[in-house]
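Student: Mind folding the following:
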Amino acid sequence: MPDMDVCVVGAGPVGLTLAIALRGLGLEVRIVDRAPAAKREARALVLWPRALEALDSLGVAGTLRGNAVELSRVTIHGRGRRLGELTTGWNRSAYSRPLNIEQHDIERLLVEELAGRGTEVEWDTEVTDVKVHEDRAEFTLTRPDGTAESGTAAWIVGCEGTASVVRDRLHIPFEGRRRTGLQVVQGNAHPEWPLGEQPGHGHIFLAPHRALLAFPLPDGAYRFFCFRDDPDPGLTAPPTLDELRDLVADTARLPRLRLSPPERPWLNRARFSDRVAARLRHGRGLLAGDAAHAWAPVGGHGMNVGMLGAHNLAWKLAAVHRGEADERILDTYDTEQRALALRYIREMRVNFMELPLPPLGYRAFTATVPVMLSLRGFQRRLDRQLSDLGRNHRYSDLSWQRPAPSHGRHRIPRAGDRMPDARVTAGDPPNGPVRLHTLLRYDTWTLLVDAARVADPAVRHALEQRCRRAPVPVRLLPVSPAGAGEARLLGRTGELRLVRPDGYVGLVAPLDRPSVLDAYLLMLAPRRSGARSPAAPSAPSAPSAPSAPSASSPRPPSPPSSSDTAQ
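Tutor: So this is what the prediction gives:
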């Protein structure tokens, strides 16, 4: 028998999120990290709304919010003047604005949360070998004094970064290529400048061959990111504070700028590769976070995508481990997460707000920025794209819709979309209005139906019976929209929506066709030897997993667009 349920390798934000989620689902977890507890760096900074919603479902987002700065607006500068302002908070969510909180603070708070759930991180412990078998994973741990220990777990997940030992021992290629011509210089400092220090107010400065971001930190300092050309690729040493000052002063056209070090100084120079693992699962071994995918920090979504991946993986892993779902559900983690990572890599290659542009491109782009930022629709769309709330899994094998949606722009939630956080009334007698997301739970699927359509006790009883017979936990949730504007967010009243534990819609089907629900639930059930699972009726077929970017492979197909999803 394995020593534990899951061994998580790597105690960064992704590994800690995964461990917290698994512990919340009742699994025994061991988490190890080769670094000493005290040796952590500032590194990633921003938590976007969708990642915050995921963390909220695990019960930890409130703690993070209490130690962060909410980013409410960003002023764009170029050509020595103010070009416009981007505002946040357009989206319907309990976490409608991004939070600025440094990675070492995220890790510290998550380590404390995990300890409160009975699991301590084992620091100074490196995984040096991994072997997976049909019923377990074996691994070797090495301590700083050279002593070694062998262990077993039902599953092992590598979250230990780009130089992943787990990925290497599973013989999974890390496909992609190095990003050339791009250097990222960043650091924390207190600026003395004429822009003032307004809480929640950030700045972006555009210049030829450079894009500079300045975001406020909880301690009153600013994080400066400069994406610039790479005139000296051999220069690898961290920048000095004087070099950072000169770079910021020149890019922002603030010659009298002064920078002073914060209480915890941090300066960094980095170059990056765009890489995605060829697969994220090999039997009982899995990958998450930078061990699975990594790219240049343009857009600031790398940590967020990794944490969303952990949120996607934990409930699936728990369901398989408990014998509630077939192992094939873990393959949907692979296809969904790889598609998400590949889309980010493509999108960030054309993020002209942060990528350094040549002089001609810079002049053309800065000429259009004031016009774009003056448009309310553009502000809303850009905020939604940054928030990750519109990302979807429409092409996943877990996304069924009957009848199949017609082509065109859809404003109601489709299979694969995040279920909108509509205001609803629920219960008998009805309580509310409340946000729908407060009624969803990470430990169960939710069968969402219009309360008026199940007022008949016989209809409701039949649906409750189906929920009880399901292989996975499913609960019936009849709700009513709190207003006419909320009804669209819930979908058509004659449909049922089966919402996954991670908040995405798995099934959309007519309420009077419960056989479709039966087929979907049967698809989730563990396979008997030789049995075949039903195909999704009239559902869009899921494409094969796209390939990771490489110099020799063709451009992978694009996942579905996120711009036409429900609010």
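Student: Just confirm Arg488 contacts Arg411, I think it does.
Tutor: Yes: contact criterion C-beta atoms under 8 Å: Arg488 and Arg411 qualify, at 6.0 Å. In this view, the C-beta of every residue, glycine as well, is placed from N, C-alpha and C.
Student: Between these two, which is the more surrounded one?
Tutor: Arg488 (16 against 12; other C-beta atoms under 10 Å).
Student: Within the helices and strands, which one has that one?
Tutor: Using DSSP states H and E, Arg488 falls within helix 484-490.
Student: as a whole number, average confidence for that helix?
Tutor: Across helix 484-490, the average pLDDT comes to 89.
Student: can I get the CA coordinates of the helix or strand following it in PDB?
Tutor: Using DSSP H and E, the helix or strand that directly follows helix 484-490 along the chain is strand 495-499. Output in PDB follows, covering the C-alpha atoms of strand 495-499 (Å, rounded to 0.1, in the frame of the first residue of the first chain):
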ATOM      1  CA  GLU A 495     -32.400  23.800 -19.600                       C
ATOM      2  CA  LEU A 496     -30.400  22.200 -16.900                       C
ATOM      3  CA  ARG A 497     -26.800  23.000 -16.300                       C
ATOM      4  CA  LEU A 498     -24.500  20.600 -14.500                       C
ATOM      5  CA  VAL A 499     -21.700  22.700 -13.000                       C
END
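Student: partners of strand 495-499, with directions?
Tutor: Here strand 495-499 is paired, per DSSP bridges, with strand 445-450 (antiparallel), strand 505-510 (antiparallel).
Student: where's that strand relative to the chain centroid, distance-wise?
Tutor: Here the centre of strand 495-499 is set off from its chain's centre by 23 Å, with C-alpha atoms, centre = their mean, to the nearest Å.
Student: who are the neighbours in contact with Ala291?
Tutor: Neighbouring residues of Ala291 by C-beta atoms under 8 Å, 6 or more residues apart in numbering: 10, 158-162, 164, 166-167, 277.
Student: From these, list the buried ones, please.
Tutor: 10, 158-161, 164, 166-167, 277 (16 or more other C-beta atoms under 10 Å).
Student: Return the member of these nearest to Val298.
Tutor: Of all these, Gly161 has the smallest distance to Val298: 18.8 Å, by C-beta to C-beta.
Student: Please name the nearest non-neighbouring residue to the closest one.
Tutor: Asp290 (4.6 Å; C-beta to C-beta, 6 or more residues apart in numbering).
Student: Break the chain down into its structural domains.
Tutor: Domain ranges of the chain: 4-45+102-175+273-348, 183-270, 400-524, per automatic domain parsing.
Student: mind checking which of these is nearest Arg73?
Tutor: Closest to Arg73 of those is domain 183-270 (C-beta to C-beta; 5.7 Å).
Student: Now do the nearest residue in space to Gly300 that is not next to it in sequence against Leu52, distance only.
Tutor: Of all residues not flanking Gly300 in the chain, Val46 sits nearest, at 4.5 Å (C-beta to C-beta, 6+ apart). Separation of Val46 from Leu52 (C-beta to C-beta, to the nearest Å): 10 Å.
Student: Which residues are in contact with each of those two?
Tutor: With C-beta under 8 Å, 6+ apart as the test, Val46 and Leu52 both reach Leu99.
Student: could you pull out the helices for this structure?
Tutor: 13-24, 49-57, 61-65, 103-116, 165-169, 241-252, 302-321, 328-348, 359-373, 376-387, 457-469, 484-490, 514-524 (DSSP state H).
Student: Most tightly packed of the ones you listed?
Tutor: helix 13-24 (a mean of 27; mean count of other C-beta atoms under 10 Å).
Student: coming back round to it: make JSON lines out of the strands paired with strand 495-499 and add distance to Pro478, mean pLDDT and mean neighbour count.
Tutor: As requested, these are exported to JSON lines (distance: least, C-beta to C-beta, whole Å; pLDDT from 0 to 100; neighbours: other C-beta atoms under 10 Å):
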{"stretch": "strand 445-450", "distance to Pro478": "5", "mean pLDDT": "97", "mean neighbour count": "23"}
{"stretch": "strand 505-510", "distance to Pro478": "16", "mean pLDDT": "97", "mean neighbour count": "24"}
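Student: So which of those is nearest Gln385?
Tutor: Comparing those by C-beta to C-beta, strand 505-510 comes nearest, at 20.0 Å.
Student: Other residues contacting that closest one?
Tutor: 398-403, 413-419, 445, 491, 494-500, 516-517, 520.
Student: So how do I select the buried members of the residues you listed in ChimeraX?
Tutor: Buried residues among these (16+ other C-beta under 10 Å), as a ChimeraX selection:
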select :398,399,400,401,402,413,414,415,416,417,418,419,445,491,495,496,497,498,499,500,516,517,520
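Student: Give me the residue ranges of the stretch 351-500 of the chain where confidence is low.
Tutor: 406-410 (pLDDT under 70).
Student: what does the chain give?
Tutor: The model of the chain has pLDDT under 70 over residues 38-40, 406-410, 529-567.
Student: make it 50
Tutor: Within the chain, the stretches with pLDDT under 50 are 530, 533, 536-567.
Student: looking at it, which residue ends up farthest from its center?
Tutor: Ala458 (40.6 Å; C-alpha atoms, centre = their mean).
Student: That residue and Pro370, how far apart?
Tutor: With C-beta to C-beta as the criterion, Ala458 and Pro370 are 61 Å apart.
Student: before we move on, what about Arg81?
Tutor: Distance of Arg81 to Pro370, given as C-beta to C-beta: 10 Å.
Student: Please apply the same query to Pro405.
Tutor: For Pro405 relative to Pro370 (C-beta to C-beta), the value is 37 Å.
Student: Thank you, goodbye.
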